[in-house]
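# Sharing a model prediction with you, sequence too.
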Amino acid sequence: MPRDSERFGLPVFQAAGFKTEVWDLSPMLKLDAEDAETLPSKHVPSMATFRCKLAALPRTRTLVLSFLSYGMKTWPYFRALSRAQVPYAVFWSAFVTNQNRQESLWTRLRRLRLRPLVEHAFSLIKPSLLGIAPPRLLFAAGGSNTLQVLGQTDGRTEVVRTHMHDYDIYLECRGHSTGFDRQTAVFIDDYLPFHPDFHRHGVPPFVSPEEYFPALNSFFDTLEKQRGLQVVIAAHPRSCDGYEKTFQGRPLIKGRTAALVRDANLVLTHASTATSFALLFLKPLFFLTSDAMNRSTLGGEIRSFAEELGQPLCNIDHINPNEIGKMDIKASEPSYTRFIERNLKAKGTADKPCWQLLVDRIKG
């Protein structure tokens, strides 16, 4: 609970004198809420309850910070806020890569699914036609590209530049060494075959454990032999007990990804958002894909990410040991800087925790 309270800025707002409440709307909107059980929240079971709670709020001293995005399931929530005339703020922080810029039309068509198409079609409906007022504030991490996906805002919305929470972790990432005697290559684990989001959304994982882990460990064996690095696994935060067995005894550490990347000589990744730590610490990257990933949307994301950052890409199903040993892998500072300023931290924003930037603007 302390970690999630800090991640959502509750201590910062409370220290600044704000009264804070967390409302869990997942029962009302029939959404899965990953953090509902780890935050001190008030459950809102129905729209009627939500309207009553909104009606009880003081209009001149209230701001709703919304972590929901406009869509098919959530538009009634935004309309209720608008009808109650409660000012609200929205957030936008996500990696924006150039995926699909070189893909053929056939490749794009093969990846189409009905539900995403319907959701995209709905997103084209102007919110004002549904009685939804624009947000008072938009807290946006990174540069202007992050705003292109937001259909809710208009000229009445004030854009406040901030940065992603990963940048806060980067600022705090001092302290003791990770303690490895050998030089390390840190693998940022995505928990790919077992991630609960696949089950939640009713879709198969991008790759099966039977094909993924043998190929991945074979790549690690080759990398360790050819480059003299010890591969260390930065475990996904939702990975379960016993997960270390899948990596053939390699060190597996959870909850210290930023520190592991900071002390690494090389960072191995698919397309995790935690790759941001490698950019911030200016670490060379080696992107990993596979035949199965390349048949999914993930393959395009990985390829686009690697191209944009000017870093090498390896298919773990087709390993060339000599190439891995001789490859010159260096961080590309200009490419990293462009990506950071567009997606992680807007140029010129203060080196303060992101929530403090929000508090400063609200109080100012």
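On my side now, so go ahead.

# Please identify the helix or strand for L54.
Under the criterion DSSP states H and E, the helix or strand holding L54 is helix 47-55.

# Which parts of the stretch 251-364 of the chain are strands?
Remark: strands of the stretch 251-364 of the chain, listed N- to C-terminal, are 252-254, 266-269, 285-289, 313-315; assignment by DSSP state E, counting those that start in this stretch.

# brain fart, the stretch 101-250 of the chain
According to DSSP E, counting those that start in this stretch, the stretch 101-250 of the chain carries its strands in the segments 137-141, 158-162, 184-188, 230-235.

# next one: the longest one to chain centre, how far?
The gap between where strand 230-235 is centred and where its chain is centred comes out at 20 Å by Cα atoms, centre = their mean, to the nearest Å.

# still on that earlier bit, out of the strands of the stretch 251-364 of the chain, indicate the one that is most buried.
Greatest average neighbour count among the strands of the stretch 251-364 of the chain goes to strand 266-269 (a mean of 25), per mean count of other Cβ atoms under 10 Å. Bear in mind the C-beta positions are built from the backbone N, C-alpha and C, glycine included.

# Return the list of strands paired to that strand, each annotated with direction.
strand 184-188 (parallel), strand 285-289 (parallel) (DSSP bridges).

# I'd like these as TSV, with distance to Y88 appended.
Converted to TSV, the strands paired with strand 266-269 look like this (distance: least, Cβ to Cβ, whole Å):
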stretch	distance to Y88
strand 184-188	34
strand 285-289	38
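
# picking up where we left off before, contacts for the very next helix or strand once past the helix holding L54?
Towards the C-terminus, the helix or strand next in line after helix 47-55, according to DSSP H and E, is strand 64-66. Contacts to strand 64-66, defined as Cβ atoms under 8 Å, 6 or more residues apart in numbering, come from residues F78, L81, V86, P87, Y88, A89, V90, F91, P135, L358.

# Filter the residues you listed down to the buried ones and hand me the PyMOL line.
The buried subset of the contacts of strand 64-66, as determined by 16 or more other Cβ atoms under 10 Å, is captured in PyMOL by this line:
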select buried, resi 78+81+86+88+89+90+91+135+358
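
# closest to S69 among the contacts of strand 64-66?
Within the contacts of strand 64-66, the smallest distance to S69 is 7.6 Å, found for V90 (Cβ to Cβ).

# Output the contacts of strand 64-66 in TSV, with pLDDT, distance to T49 and secondary structure appended to each entry.
As requested, the contacts of strand 64-66 are exported to TSV (pLDDT from 0 to 100; distance: Cβ to Cβ, whole Å; DSSP: H, G, I helix; E, B strand; the rest coil):
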residue	pLDDT	distance to T49	secondary structure
F78	94	17	helix
L81	94	14	helix
V86	92	15	coil
P87	93	21	coil
Y88	93	18	strand
A89	91	22	strand
V90	89	22	strand
F91	83	24	strand
P135	92	22	coil
L358	90	27	helix
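
# The nearest residue to K254 once chain neighbours are set aside: how many residues sit nearby?
With sequence-adjacent residues excluded and distances taken as Cβ to Cβ, 6 or more residues apart in numbering, K254 is closest to A235, at 4.1 Å. Residues within reach of A235, counting by other Cβ atoms under 10 Å, total 23.

# Check whether A235 really touches T246, as I assumed.
No - the pair formed by A235 and T246 falls short of the contact definition of Cβ atoms under 8 Å, at 10.4 Å.

# okay, now I324: neighbour count?
As a burial measure, I324 scores 18 neighbours (other Cβ under 10 Å).
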